[in-house]
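1. Return atomic coordinates for the entry below.
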Amino acid sequence: MVFAQKYGVLLDGRAAEHYYVNESLGSARGILIAAVHHAGLVSLTYTPRPMAFSNDVLDRSAHERPFLVLVVGYPATHAQVPAITRKPPEEIATFV
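-> Residues are numbered from 1 along each chain as shown. This next block holds a predicted model:
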């Protein structure tokens, strides 16, 4: 599970604000998923709303907010990805 911190807590107890948390986590999530797939594993992202329940379950501090659950594992032996094709632009849009 990935947690976002809007601010950190310094040794003297003061709060230190973190900037661009969601943007950084979004980029890191993409890189992590690419690395997982490059290693021959598969992943499933899960972002339930609200995720605040996990703070209590995992005993995380109040300044952290759950961001993503990423399940990673080996694919089944005969797993196949379906062949999905995109619709042509003319089928979904009107050009004037």
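
2. next helix or strand past the helix or strand containing residue 56?
-> Secondary structure from DSSP states H and E places residue 56 in helix 53-57. Of the helices and strands lying after helix 53-57 in sequence (DSSP H and E), the nearest is strand 64-73.

3. name the helices or strands packed onto that following strand?
-> Judged by 3 or more CB pairs under 8 Å, 6 or more residues apart in numbering; DSSP states H and E, the packing partners of strand 64-73 are strand 2-5, helix 21-38, strand 42-46, helix 53-57. Any C-beta I mention is one placed from the backbone N, CA and C, and that applies to glycine too.

4. The one residue sitting closest to the centre of the chain pairs with what?
-> Most central in the chain under CA atoms, centre = their mean is residue 68, positioned 4.1 Å from the mean C-alpha point. Residues found in beta-bridge contact with residue 68 (criterion: DSSP bridges) are residue 2.

5. thought it was touching residue 46?
-> Yes. Look at residue 68 against residue 46 with CB atoms under 8 Å: they come within range, at 7.4 Å.

6. returning to what we had before: worst mean pLDDT among the helices and strands packed on strand 64-73?
-> Across the helices and strands packed on strand 64-73, strand 2-5 has the smallest mean pLDDT, namely a mean of 61.

7. which ones are touching the residue nearest to residue 44 when sequence neighbours are not counted?
-> Nearest non-adjacent residue to residue 44, counting by CB to CB, 6 or more residues apart in numbering: residue 71, 4.5 Å away. Each residue near residue 71 by CB atoms under 8 Å, 6 or more residues apart in numbering is listed here: 43, 44, 45, 46.
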